[in-house]
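Q: 3D model of this:
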Amino acid sequence: MLDVVGLCSSLDKALDLKVECHELFMQCAEHIQDLHGQEFFRYLAGEELIQHDKIAEIYKREFNQDYSIYSERVKRMKEKGTLLRDHSIGGSLDDRSNIICALNLAVNIKKDTCKLYEGLVGGSDNSVIKGFFKELAEDEVKHRILLEAEIESVTEAGCFKDFKVIVSHRVIK
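A: Predicted coordinates:
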């Protein structure tokens, strides 16, 4: 079972991953010309902020510390050099291989995040925390499915699909 230090460390890591994903998705949205791609990345960036705030709330409730100040976490991560795993998106994402590379990076981050959440589910004896991280892990799987669908679309057609169509046609609800 997770002790207090382990839970604190895991929640901190989860918050870092949310910041990392949000920043990656916002950079992708800014550097891509495809309008569906911009909308897709902005949607995912928004989802990351929602999850960040949910995790910060658990952190605050469990440890009576406020880590909900997103901008402070970004600043600290940049100072430590841990933001975006040194994979900053630069230039244009008009090249298909660059888009696929960015999408694959996002898939890998989602897999890491899902493993972390599943570990928190299995390592906690607190039913509220178990349920909370089970729900977040399910969200990560949904996001990974969306990302993989876009990889398929960009690979085959050279452009993004309207992600709202993907959501409505797959078991993502």
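Q: buried set for the helix or strand hosting Lys130?
A: Using DSSP states H and E, Lys130 sits in helix 127-157. For helix 127-157, the neighbour count (16 or more other C-beta atoms under 10 Å) marks 129, 132-133, 136-137, 139-140, 142-151, 153-154 as buried. (C-beta placed from N, C-alpha, C; glycine too.)
Q: list the helices and strands it packs on?
A: Judged by 3 or more C-beta pairs under 8 Å, 6 or more residues apart in numbering; DSSP states H and E, the packing partners of helix 127-157 are helix 35-63, helix 96-123, helix 163-169.
Q: out of those, flag the one nearest Ser10.
A: When the helices and strands packed on helix 127-157 are compared by C-beta to C-beta, helix 96-123 sits nearest Ser10, at 5.4 Å.
Q: what residues of that closest one count as buried?
A: Using 16+ other C-beta under 10 Å as the test for burial, helix 96-123 gives 98-99, 102-103, 105-107, 109-110, 112-114, 116-117, 120-121, 123.
Q: same deal with stretch 27-37?
A: Those would be Gln27, Cys28, Ala29, His31, Ile32, Asp34, His36, Gly37, for stretch 27-37 by 16+ other C-beta under 10 Å.
Q: out of the residues you listed, which one sits closest to Glu20?
A: Distances from Glu20 to the buried residues of stretch 27-37, taken by C-beta to C-beta, are shortest for Gln27, at 10.9 Å.
Q: which strands or helices does the strand or helix carrying the closest one pack on?
A: Using DSSP H and E, Gln27 maps to helix 4-31. Identification of packing neighbours for helix 4-31 by 3+ C-beta pairs under 8 Å, 6+ apart yields helix 35-63, helix 70-80, helix 96-123.
Q: again, only using 10 Å
A: helix 35-63, helix 70-80, helix 96-123, helix 127-157 (3 or more C-beta pairs under 10 Å, 6 or more residues apart in numbering; DSSP states H and E).
Q: for the residue nearest the centre of the chain, list the residues it contacts.
A: With distances taken as C-alpha atoms, centre = their mean, the chain has Cys21 as the residue nearest its mean C-alpha position (4.1 Å). Going by C-beta atoms under 10 Å, 6 or more residues apart in numbering, Cys21 touches 44-45, 47-49, 51-52, 84, 105-106, 109-110, 112-113, 140, 143.
Q: so where is this structure shaky, pLDDT-wise?
A: Within the chain, the stretches with pLDDT under 70 are 1-2, 66-94, 163-173.
Q: circling back: put together CSV for the helices and strands packed on helix 127-157, with distance to Leu17 on each row.
A: As requested, the helices and strands packed on helix 127-157 are arranged in CSV below (distance: least, C-beta to C-beta, whole Å):
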stretch, distance to Leu17
helix 35-63, 9
helix 96-123, 5
helix 163-169, 21
